[in-house]
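Undergrad: Pasting a predicted model and its sequence here:
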Amino acid sequence: MTGIVALYIFMLAAFTGYEVISRVPVILHTPLMSGSNFVHGIVLVGAMVALGHAHTRLEIGIGTLGVLLAAGNAVGGYVVTERMLEMFKASGAKAKKGGH
């Protein structure tokens, strides 16, 4: 696959993803966020596999950056999901959890 074809596929996927996500109703954002966290975990595993097959310093550097970014993305997704789920809990449950 040439670089131009790969760039075309990437741009097409990015545009399609943006269009699909922008049309999602607000009520579905929390379940979709949980599903996307699963995908971010797969991306992290893929980055670790790519790093494991790296040989040159450039490949190792790019692989390390990929692992760090994928890990941050996965952890951040879980943090955001947890905060969103906290908003749906009753105020009495929040007070008991906080110790007030």
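TA: Looks like it came in fine.
Undergrad: Pull out the buried positions in the longest helix along the chain.
TA: Using DSSP state H to define each element, the chain has its longest helix at helix 57-87. Applying a neighbour-count criterion of 16 or more other CB atoms under 10 Å, the buried positions in helix 57-87 are 63, 66-67, 70-71, 73-74, 77, 81. For every residue, glycine as well, the C-beta is placed using N, CA and C.
Undergrad: Just the closest of those residues to residue 26, please.
TA: Comparing the buried residues of helix 57-87 against residue 26 with CB to CB places residue 81 closest, at 14.9 Å.
Undergrad: any idea how far residue 15 is from the closest one?
TA: Remark: distance between residue 81 and residue 15 (CB to CB, to the nearest Å) = 26 Å.
Undergrad: Show me the residue at the heart of this protein, geometrically.
TA: For the chain, the residue sitting closest to the mean C-alpha position, by CA atoms, centre = their mean, is residue 40 at 4.0 Å.
Undergrad: sorry, back to before: columns pLDDT and distance to residue 28 on top of the buried residues of helix 57-87, output as JSON lines?
TA: Converted to JSON lines, the buried residues of helix 57-87 look like this (pLDDT from 0 to 100; distance: CB to CB, whole Å):
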{"residue": "63", "pLDDT": "90", "distance to residue 28": "34"}
{"residue": "66", "pLDDT": "90", "distance to residue 28": "29"}
{"residue": "67", "pLDDT": "93", "distance to residue 28": "30"}
{"residue": "70", "pLDDT": "89", "distance to residue 28": "24"}
{"residue": "71", "pLDDT": "91", "distance to residue 28": "26"}
{"residue": "73", "pLDDT": "85", "distance to residue 28": "20"}
{"residue": "74", "pLDDT": "84", "distance to residue 28": "21"}
{"residue": "77", "pLDDT": "80", "distance to residue 28": "16"}
{"residue": "81", "pLDDT": "77", "distance to residue 28": "13"}
